[in-house]
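Novice: no FASTA, just this:
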């Protein structure tokens, strides 16, 4: 295992201060409910959420798989589209000029309103979910990847011109590797939005998924189950963020305090 | 004997403002002005000649258009007046600008890759050079783990392997500490003795100019004009403490308007 990967794995272990604060907050919540501060039907205690998570494990797991599939596919679609679009915008000033304002405008569309419209058009299947997830996560990846391309040192471009380097070679040898850390930054922001987008999409029309479970549980006053769905979604987003951080350390170790030798992956 | 793949012709699509069919590996800058229309004129009526294998050092105060002069020689800019005629030139920048993700070997081989050579053949060509420059055991090391002096050696090798007859060195050691700079000046002297090139060396270190140059061109403040041309004509390697070196240094400093 490379030094970068070890660092990435060790990082959560160093978060003990955050773990203590989290334990204190959960403990306070538990005490508040146990001492009669709130009706458990309105605010379930942490132990009730935990037991709901255990009792409903079959239901939660099968619906988690549905949401996870939507999020992962949505992120992949968004990442691929964003990488292609950012590259096109970097190469062609006309594409950039045409697309950039529309891209920003696309972010002003209220997703909770767009989602039901897409369901109306495309039905209860996975397609409207993918579109919503891709739409909310795509933007940050395009912007940070573009910034990555723009961060190439202009002096370096002058230097490679004196080597008669072709445009294609400059892209693959210089610009693309420079842009990769930016791509990862965008992708890490995007996974957080993607999970939120999945919930909106499921609430607009679905018959499975954790967003659907949540929407069904609340009116039935199965509050602990609804909370369990929220906790699972949060943990999923954190896990995705962690996985991307690890992937980033392995792919672009030079962007961090790097190991001393070039690792196996770039040989 | 290790051969440098010299690129006789320049690659397509590179707009050069210079006449590259110029015979031999000479640099001829004739009465060149640059930036006349802009608020800050960089160069005014500058002439400079470097014969085949000659090392011409250019010194001048900050902002006298030294870097502009090198970009003209490398074909990265066009003169507003006058002519630049020179053989193809490769730049070596002040900052090493090594690719942080690539090993020392791959950085050194970058210009070879530009010439269309595949990754492995380029590495094979660059490997013996890295060893010759005392970097053999660092071929897989990334720039962040190399010392400043090592990085400049890789950077120099990268420009050398571009295979151009002319090297344009832009304050190559300005970013180094004084001790490393002194070592690197001796190292560059040896490297150029072993591997002669026509060199235009821009520096603001007068001692460096006298130690390394066959001739020292002194530029005035912006807009840069040639105020003196000092022939060095001393045997190599030169010593800092040599009275002849010290005397030449004082002459150049006097031309710059700095009294000893």
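Specialist: Thanks, I have the structure now. Everything numeric in this text was worked out from a predicted model, so none of it was measured.
Novice: Near chain A, which residues of the stretch 1-150 of chain B? Just list them.
Specialist: Proximity of the stretch 1-150 of chain B to chain A (CB under 8 Å from any CB of the partner chain) is limited to residues B:7, B:10-11, B:13-14, B:71, B:74-76, B:89-91, B:93, B:95, B:97, B:99-103, B:110-111, B:113-115, B:140-142, B:144-145. Where C-beta positions appear, they are placed from N, C-alpha and C, glycine not excepted.
Novice: Could you turn the buried ones of those residues into a PyMOL selection?
Specialist: Here is the PyMOL selection string for the buried members of those, based on 16 or more other CB atoms under 10 Å in any protein chain shown:
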select buried, chain B and resi 7+11+14+71+74+75+76+89+90+91+93+95+97+99+100+101+102+103+110+111+113+114+115+141+142+144+145
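Novice: Where strands are concerned, which of the residues of the stretch 1-150 of chain B next to chain A count?
Specialist: Assigned to strands by DSSP state E, the following of the residues of the stretch 1-150 of chain B next to chain A qualify: B:89-91.
Novice: Can you name the residues in contact with the helix or strand harbouring residue B:247?
Specialist: Using DSSP states H and E, residue B:247 maps to helix B:243-255. Contacts with helix B:243-255, where a contact means CB atoms under 8 Å, 6 or more residues apart in numbering or on different chains, come from B:59, B:206-207, B:209-211, B:216, B:218, B:227-228, B:230, B:232, B:234, B:238-240, B:259-260.
Novice: Looking at those residues, which are in strands?
Specialist: Reading strands off those with DSSP E, I get B:59, B:216, B:218, B:227-228, B:230.
Novice: Return the member of those nearest to chain A.
Specialist: residue B:59 (21.3 Å; CB to the nearest CB).
Novice: Just the pLDDT at the closest residue to residue B:166 other than its chain neighbours, thanks.
Specialist: In space, residue B:166 comes closest to residue B:89 once its chain neighbours are excluded; the distance is 3.7 Å by CB to CB, 6 or more residues apart in numbering or on different chains. Predicted confidence (pLDDT) at residue B:89: the value is 92.
Novice: Just give me the residue right at the centre of chain B.
Specialist: residue B:169 (1.6 Å; CA atoms, centre = their mean).
Novice: Compute the distance between that one and chain A, please.
Specialist: Distance from residue B:169 to chain A, counting by CB to the nearest CB, to the nearest Å: 12 Å.
Novice: Pairing partners for the helix or strand encompassing that residue, with directions?
Specialist: Under the criterion of DSSP H and E, residue B:169 resides in strand B:166-170. In the sheet, strand B:166-170 lines up against strand B:89-92 (parallel), strand B:198-203 (parallel) (DSSP bridges).
Novice: so how far is that strand from its chain's centroid?
Specialist: Mean-position distance between strand B:166-170 and its chain equals 2 Å (CA atoms, centre = their mean, to the nearest Å).
Novice: and the angle from the helix or strand following it to strand B:166-170?
Specialist: Counting by DSSP H and E, the next helix or strand C-terminal to strand B:166-170 is helix B:178-194. Here helix B:178-194 points in a direction 170 degrees away from that of strand B:166-170 (axes from the mean of the first three to the mean of the last three CA atoms, to 10 degrees).
Novice: Show me what counts as buried in stretch A:105-118.
Specialist: Those would be A:111, A:114-115, A:118, for stretch A:105-118 by 16+ other CB under 10 Å.
Novice: Take these and lay them out in CSV including secondary structure, distance to chain B and pLDDT.
Specialist: Converted to CSV, those look like this (DSSP: H, G, I helix; E, B strand; the rest coil; distance: CB to the nearest CB, whole Å; pLDDT from 0 to 100):
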residue, secondary structure, distance to chain B, pLDDT
A:111, helix, 37, 87
A:114, helix, 39, 90
A:115, helix, 40, 91
A:118, helix, 40, 92
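Novice: Could you list which residues are in contact with the residue of the stretch 51-200 of chain B with the smallest separation from chain A?
Specialist: Closest approach between the stretch 51-200 of chain B and chain A, counting by CB to the nearest CB: residue B:114, at 3.8 Å. Neighbour list for residue B:114: A:160, A:163-166, A:169, A:173, B:11, B:162 [criterion: CB under 8 Å, 6+ apart].
Novice: of those, closest to residue B:53?
Specialist: Nearest to residue B:53 among those, counting by CB to CB, is residue B:162 at 17.2 Å.
Novice: check contacts around the closest one.
Specialist: If you count contacts by CB under 8 Å, 6+ apart, residue B:162 has them with A:162-163, B:7, B:90, B:111, B:114-115.
Novice: what about it, which SS state?
Specialist: Residue B:162 falls in the coil class when you classify it by DSSP: H, G, I helix; E, B strand; the rest coil.
Novice: And the helices in chain A, which stretches?
Specialist: Assigned helices in chain A, in chain order: A:3-13, A:16-34, A:46-55, A:57-91, A:93-106, A:111-122, A:126-150, A:154-162, A:167-170, A:176-204, A:210-217, A:223-251 (criterion: DSSP state H).
Novice: And the second one, what's buried?
Specialist: The reference is to helix A:16-34. Across helix A:16-34, burial judged by 16+ other CB under 10 Å covers A:29, A:33.
Novice: per-residue pLDDT, residue A:17?
Specialist: 88.
Novice: quick one: contacts for it?
Specialist: Residue A:17 makes contact with no residue under the criterion CB under 8 Å, 6+ apart.
Novice: Relative to chain B, how far out is it?
Specialist: 30 Å.
Novice: same check, this time on residue A:159
Specialist: Taking CB to the nearest CB as the measure, residue A:159 and chain B are separated by 5 Å.
Novice: I'd assumed residue B:98 was in contact with that residue.
Specialist: No: look at residue A:159 against residue B:98 with CB atoms under 8 Å: they stay out of range, at 10.3 Å.
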